[in-house]
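> Got a sequence here, can you build the structure:
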Amino acid sequence: MKPIISQLLVKRYFVTDLLIQANKSFDISAPMNLGFDALEIESNVDVPPKEEDDWEVTLKVFHQGSEKINSPYFFCIEVVGFFSVLESYPKENVEWLIRTNAPSVLYSTAREVLREAMATGPFKAVLLPAVSFYTEELKAMIHKSKDESQGKDLK
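Modelled structure (predicted):
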């Protein structure tokens, strides 16, 4: 299989916030039960003011402690990235591409930064689950936005 070049261009990204705290109450003899539901994931996409400007995307992943969760670490990471899309990509799909794929790129970065930082801690590193930022709600929101903008053009 030969991969194809993505239509999404990653201009740059960086970590703006990183906190990792070992859970001193972690019971190493009990099973770790840090499930996906214990994670908070926030993605924010700033639509550029001009079409030729880069899209700014911020992703925050955090897990705070709870007595119910036997987790070796508590953490918070925020990653900011700047993206653009090739001009040949259909304009009506640009926002969908950004909102689904840019957070995925940043999440992969956050996942690796956290794993690497935890690897030097007192407990085994946590590897966050893979996630998808494609949702039916996102698809519906973008289609509604397109329908509304096309309706304005007709007036």
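> Quick check: closest non-adjacent residue to A119.
Distances taken as Cβ to Cβ, 6 or more residues apart in numbering put A125 closest to A119, at 4.5 Å, once the chain neighbours are dropped. Every C-beta, even on glycine, is put in place using the N, C-alpha and C of the backbone.
> how many neighbours does that neighbour have?
Counted with other Cβ atoms under 10 Å, the neighbours of A125 add up to 15.
> part of a helix, is S84?
No. Under DSSP: H, G, I helix; E, B strand; the rest coil, S84 sits outside any helix and is assigned strand.
> I'd like to know how many residues surround the closest residue to it other than its chain neighbours.
Counting by Cβ to Cβ, 6+ apart, L9 is the residue found nearest to S84 once chain neighbours are left out, at 4.7 Å. Residues near L9, counting by other Cβ under 10 Å, number 14.
> How about the secondary structure of L9?
Assignment for L9 (three-state DSSP): strand.
> need the contact list for it.
Going by Cβ atoms under 8 Å, 6 or more residues apart in numbering, L9 touches 83-86.
> could you flag which of those residues are buried?
Among the contacts of L9, the ones that count as buried by 16 or more other Cβ atoms under 10 Å are 83-85.
> Turn these into CSV, columns for distance to P72.
Output for the buried ones among the contacts of L9, formatted as CSV (distance: Cβ to Cβ, whole Å):
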residue, distance to P72
F83, 33
S84, 38
V85, 39
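> Reformat those residues as CSV; add pLDDT and distance to S25.
As requested, these are arranged in CSV below (pLDDT from 0 to 100; distance: Cβ to Cβ, whole Å):
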residue, pLDDT, distance to S25
F83, 97, 40
S84, 95, 45
V85, 95, 46
